[in-house]
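Asks: Prediction below, plus the sequence it came from.
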Amino acid sequence: MTELIDVPDAGNDWEPATSFQAGRRNPAWQASAFQSAAWTLRMLALLSVDLEAVARRLRLTLETSWDGHGALRAAFFVLDGTDFVVTHHEGDAPGTHVWTRDGGPIDSAERVGSLLAALGVGPEAVAYSVWGSGTDLSRVPAAWRRDRTRPVWSRQEFWEHFKKRPRMFVSRVSFGSVTGFLAGYDTASDGVLLDGFREWLAVKLGSGWNLVWWALVEILAFPDGRPAEPWSHEDDQHAVDELISLMDEFFEHIARGSDRAV
């Protein structure tokens, strides 16, 4: 179990984060889940601090909701020009997941650093982090690498290894095996690998917001209709090639640091 770090309480003169702050003593300003419903989020880190302690420090109001992983509590707020979300799922080990609003280049170390400063804790509070393409790893606090024997692959680095040598990861390279492996890897990495991919595909297609990502890939691969089962080797290989092309385009899009609009 992760050992939690103590977070100091807010100063006596800090306004609630939901209030208009003429004095700006509280560095956070809170938005509601309703106001922020359209945000596309990108995970930044897992902090070894209790969500209640974060809320108490920044005088946030925690909201209760749910997602595909079950019931959760969350707070949406702006701090130092960054849109943050802090969450904790019911039944998870203690800790606080930190997310940011997607769009534009992400400097994970800088953004998380501003949150740590507001919380009054140091980089030792970071239990796990995800940094994207282009991050200067020389600036990442040493605590982000603790308990690791080698640097963690970014999702782009993993993808480069996978697409060059897929048989190192799946015994038979087919659309079903590749999508199944990628879905499992994404689940094991808390959704980091394919974060935003489904939404990006739906924007590219102009429809299909209610579909899973591999169904959207199939539609883009076979615009005239999905082949009848069982697929021929040629159809299967075409779908795999299209998936690789789309993933490449998606990661190039992220690396350019642009908003997720096609």
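Replies: Ah, there it is. Numbers count the residues shown, from 1 in each chain.
Asks: Could you list the domains of this protein?
Replies: 28-145, 155-255 (automatic domain parsing).
Asks: In this protein, which strand is the longest?
Replies: Criterion DSSP state E: the longest strand present in the chain is strand 70-79.
Asks: related to what we said a few turns ago, deepest-packed of the domains of the chain, please.
Replies: Of all those, domain 28-145 has the most neighbours on average by mean count of other CB atoms under 10 Å, namely a mean of 18. C-beta coordinates here come from the backbone N, C-alpha and C atoms, glycine included.
Asks: before we move on, back to that, any chance of the domains of the chain in a markdown table, plus mean pLDDT and distance to residue 14?
Replies: Output for the domains of the chain, formatted as a markdown table (pLDDT from 0 to 100; distance: least, CB to CB, whole Å):
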| stretch | mean pLDDT | distance to residue 14 |
| --- | --- | --- |
| domain 28-145 | 76 | 6 |
| domain 155-255 | 86 | 32 |
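Asks: residue ranges for the helices of the stretch 101-250 of the chain, please.
Replies: With DSSP state H, counting those that start in this stretch, the ranges of helices along the stretch 101-250 of the chain come out as 108-119, 155-164, 175-188, 197-205, 213-221, 233-255.
Asks: could those be laid out in TSV, adding distance to residue 87?
Replies: Below are these laid out as TSV (distance: least, CB to CB, whole Å):
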stretch	distance to residue 87
helix 108-119	13
helix 155-164	20
helix 175-188	17
helix 197-205	19
helix 213-221	22
helix 233-255	22
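Asks: Of these, which is nearest residue 128?
Replies: With CB to CB as the measure, helix 108-119 is the member of the helices of the stretch 101-250 of the chain nearest residue 128 (11.0 Å).
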